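J.: I'll drop the sequence and a predicted model, then ask my questions.
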Amino acid sequence: MNKVFAAAALAASLIAGAGLATAGTTPAPPNAYAYIGYPNDGQVVPAGKPFKVWFGLRYMGVAPRGVKYPNTGHHHLLIDTDLPPMDQEIPSDRNHLHYGAGETETTLELPPGKHTLQLLMGDDKHIPHNPPVYSKKITITVK
């Protein structure tokens, strides 16, 4: 009897643990992808002057933070950094910009030098989708 109870308790904890590993993730369409429409990879933009960054998204919609609607999320622009952990809230700092009002473009001014830009979609709680929806990382030069 104790063996049956122990086996049932172990099975329940494994099921609960598996649920925790994926808790907080929101499904995304498997064919969804994000892209940066402007600037282009390798482009040179003028220093001391703001430039537009245009966010592209296919097979998914944009919704503001806090709005939970199927197949939607909002953009996060990653500047000079790698993708964050996909099972945690996307950080909010100078390298991880949140566009929680549903914006699809922004204006940036960066210091001279090479910079990387990448988009990452987040759900209503700023957590990447499952599967994650992100753009290719591009490099621009501010000169």
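T.: Sure thing, it's come through.
J.: can you pull the contacts of the nearest residue to Gly73 once chain neighbours are set aside?
T.: Excluding the flanking residues, the one nearest Gly73 by C-beta to C-beta, 6 or more residues apart in numbering is Met121, at 4.1 Å. All C-beta spots, glycine's among them, are computed from the backbone N, C-alpha and C. Contacts for Met121 (C-beta atoms under 8 Å, 6 or more residues apart in numbering) come out as 28, 32, 34, 57, 60, 73-76, 128-129, 132-134.
J.: which strand or helix spans Met121?
T.: Assigned by DSSP states H and E, Met121 falls within strand 113-122.
J.: mind jotting down where the strands sit in this protein?
T.: Under the criterion DSSP state E, strands of the chain are mapped to 33-38, 44-45, 51-58, 61-62, 72-79, 96-98, 105-108, 113-122, 138-142.
J.: return the most buried member of these.
T.: Neighbour counts (mean count of other C-beta atoms under 10 Å) averaged over each of the strands of the chain peak at strand 72-79, with a mean of 23.
J.: now do that strand: which elements does it pack against?
T.: strand 51-58, strand 61-62, strand 96-98, strand 113-122 (3 or more C-beta pairs under 8 Å, 6 or more residues apart in numbering; DSSP states H and E).
J.: rerun at 7 Å
T.: The contact analysis (3 or more C-beta pairs under 7 Å, 6 or more residues apart in numbering; DSSP states H and E) places strand 72-79 against strand 61-62, strand 96-98, strand 113-122.
J.: can you tell me the strand partners of that strand and which way each runs?
T.: Here strand 72-79 has these sheet partners by DSSP bridges: strand 61-62 (parallel), strand 96-98 (antiparallel), strand 113-122 (antiparallel).
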